[in-house]
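Q: The following comprises the amino acid sequence and a computationally predicted model.
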Amino acid sequence: MPAAAPSSLPSFDQGRWVDAAPFRAHLRYLCSSAGLPWQVVALHAGLTLRHADVLLHGRRGRPLRRLPRPAAQLLWQVDVAGLRALQRTTQPSEPTSTRLSAALARGLTPRHLCRVMGWSPARLTAVLGGEARRVSAVDALRARALTEALDRISEDPPVVVACAA
């Protein structure tokens, strides 16, 4: 059973920052009600993955307390009906195919891509090979989230763990 929708509209008329808690609850509600991962919801809302990740999971073990007002407004405009409509909305498959091809070139396996996309190997082959001309908006956002996550990993310096001798 999906979580209940946040009860009231937060106030936007106070400065540059708003309390993050109602928006964290709203993002969780949207994800559970629409059955979509937070990455898809965040990108659809116009948020960066990094911003949504910090909103949901905190920073250095601490929950985010404040959210910039523009990000909060973007997120608050998203509703479950709009998210459900994304699955029925299609768009050209070429940008998705390009993103998935780049992910393969970076070392991801077709099996991993199928798992991330929720596709069969035949569907992946059809999209990559150009036989599938259209994909759902959700699939396009999943592919975008995947490549943005890969970009983020390559931008962040690797974590070096030293072992005591």
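A: Structure received. In this text, all values refer to a predicted model and were calculated from it rather than measured experimentally.
Q: Low-confidence ranges, this protein, go.
A: For the chain, residues meeting the criterion pLDDT under 70 lie at 1-14, 156-165.
Q: I'd like to know how many residues surround the closest residue to T96 other than its chain neighbours.
A: Spatial nearest neighbour of T96, chain neighbours left out: A143 (4.4 Å); criterion: CB to CB, 6 or more residues apart in numbering. Heads up, the C-betas are built off the backbone N, CA and C, glycines and all. When neighbours are counted by other CB atoms under 10 Å, A143 registers 24.
Q: try V41
A: 25.
Q: Equivalent analysis for V40, please.
A: By other CB under 10 Å, the burial measure for V40, its neighbour count, is 22.
Q: What backbone torsions are found at it?
A: phi -70, psi -40 (degrees, to the nearest 10).
Q: Nearest residue to it in space, please, no chain neighbours.
A: In space, V40 is closest to L141, 4.5 Å off (CB to CB, 6+ apart).
Q: Just want the phi and psi numbers for that neighbour.
A: According to degrees, to the nearest 10, L141 has phi -70, psi -40.
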